[in-house]
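Chemist: I'd like to go over a predicted model; first the sequence, then the structure.
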Amino acid sequence: MVKMGKDYYDILGIKKDASEDDIKKAYRKQALRYHPDKNKSPGAEDKFKEIAEAYDVLSDPKKKDIYDRFGEEGLKGGGPSSGGAGGPGTFSYTFQGDPHAIFAEFFGGRNPFEQFFGGRNGDMDEDMETDPFTRFGMGGMGGSGMGGFPRMGGRSSSLTRQQDPPVVHNLRVTLEEVFSGCTKKMKISHKRLNPDRRTTRTEDKILEVEIKRGWKEGTKITFPKEGDETPTNIPADVVFVLKDKPHLVFRRDGSDIIYPAKVSLRDALCGSTVNAPTLDGRTVTVTTKDVVRPGMKRRINGEGLPLPKSPDRRGDLVVEYEVKFPERLSQSARETIAQVLPPT
């Protein structure tokens, strides 16, 4: 005769012919009743672990089959039933799970006490033995779930873990880095779960951000789920947003770069030559014989930044003229200008 050892069915308060849904429903009921956060009576923690072990065995078809045929000793490989014809052979089970992690996984990482009982503190009331879904009019376990909820073996819509909001960092780059493309190495610190799935540790990680040629300011680079990890959340995405560093020479306008060229009033009136620098270290000569008016622009095609979607093509270098007016004029200069310039 097989020695059963622990009676997992009795621990969950169900019969041996209980269905899969009955097992889930029983675990939910007993786990809520004996959870140490709600039940402060002596032995609640041990009972809570025992309930988790019972559910761990009975919810797994292979473990359940061996337990039903050979009992706890056969399941754990500790008795004569673990060998011989018809025995479980080399199968050996030891409950090493974390009952709190099983609980969190079953309830989708959320706090079911807050969900069903308004987040009350203190010991669990006696009537908590009643199925909380039934108490709140959510129906039984039949059909596809409880009052429109999926079966508790999955994740119900109201209990699904929520992902934390994105963690956003500005990533400043020079125009030269956008022109050539580069890789930035960004060091972050984030929390990660320990193997017990309850406690956390802080880890440093280097994220390599590849800046493509021509990327515009505001471009977002996302690293999924690199935020802090806890037993009850989905880690946030870490997002880097490209920001231009102020440049000593140029301004940026999309894929064009603006070069402010200061010319004297004399050159503005008589014709000027500007040696405009480029991002790759060359110089482009721009000559005009026209009168330069304040705000006038000259466009040199293909000397700007690479186009984000076609990096083999480039925007333009725009020379934006600024006319420098003299602060004072001599009397003779005034008279000469008065004779040369037509009256308006």
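Modeler: It's in. Residues are numbered from 1 along each chain as shown.

Chemist: so who does residue 169 touch?
Modeler: Residue 169 sits next to 186, 238, 239, 240, 241 when contact means Cβ atoms under 8 Å, 6 or more residues apart in numbering. In this view, the C-beta of every residue, glycine as well, is placed from N, C-alpha and C.

Chemist: neighbour count, secondary structure and pLDDT added to these, as CSV?
Modeler: CSV is the format used below for these (neighbours: other Cβ atoms under 10 Å; DSSP: H, G, I helix; E, B strand; the rest coil; pLDDT from 0 to 100):
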residue, neighbour count, secondary structure, pLDDT
186, 15, strand, 93
238, 21, strand, 94
239, 17, strand, 94
240, 20, strand, 95
241, 14, strand, 95
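
Chemist: could the residues you listed go into CSV alongside distance to residue 44?
Modeler: Output for the contacts of residue 169, formatted as CSV (distance: Cβ to Cβ, whole Å):
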residue, distance to residue 44
186, 46
238, 40
239, 43
240, 47
241, 49
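
Chemist: got the contact list for the residue nearest the centre of the chain?
Modeler: Centroid-nearest residue in the chain: residue 237, 1.6 Å away (criterion: Cα atoms, centre = their mean). Going by Cβ under 8 Å, 6+ apart, residue 237 touches 163, 166, 167, 222, 223, 224, 225, 226, 227.

Chemist: correct me if wrong: the third one contacts residue 240.
Modeler: Going back to what we said before, that points to residue 167. No. Contact criterion Cβ atoms under 8 Å: residue 167 and residue 240 do not qualify, at 9.8 Å.

Chemist: still on that earlier bit, so which of the contacts of residue 237 wins on neighbours?
Modeler: Sorting those by how many neighbours each has (other Cβ atoms under 10 Å) puts residue 227 first, at 22 neighbours.

Chemist: distance-wise, check it relative to residue 18.
Modeler: 41 Å (Cβ to Cβ, to the nearest Å).

Chemist: could you do residue 9 as well?
Modeler: Residue 9 is 7 Å from residue 18, by Cβ to Cβ.

Chemist: list residues touching both of the two?
Modeler: Contacts common to residue 9 and residue 18, judged by Cβ under 8 Å, 6+ apart, are residue 58.

Chemist: neighbour count winner among these two?
Modeler: More crowded of residue 9 and residue 18, by other Cβ under 10 Å: residue 9, with 20 against 16.

Chemist: can you pull the contacts of residue 180?
Modeler: Neighbouring residues of residue 180 by Cβ under 8 Å, 6+ apart: residue 213.

Chemist: okay, it: pLDDT?
Modeler: In the predicted model, residue 180 carries a pLDDT score of 95.

Chemist: quick one: the strands in the chain?
Modeler: 167-173, 182-193, 200-211, 220-223, 238-244, 251-253, 256-264, 272-277, 283-288, 297-300, 306-307, 310-314, 317-324 (DSSP state E).

Chemist: out of those strands, the one nearest residue 331 is which?
Modeler: Nearest to residue 331 among the strands of the chain is strand 256-264 (20.0 Å), distances taken as Cβ to Cβ.
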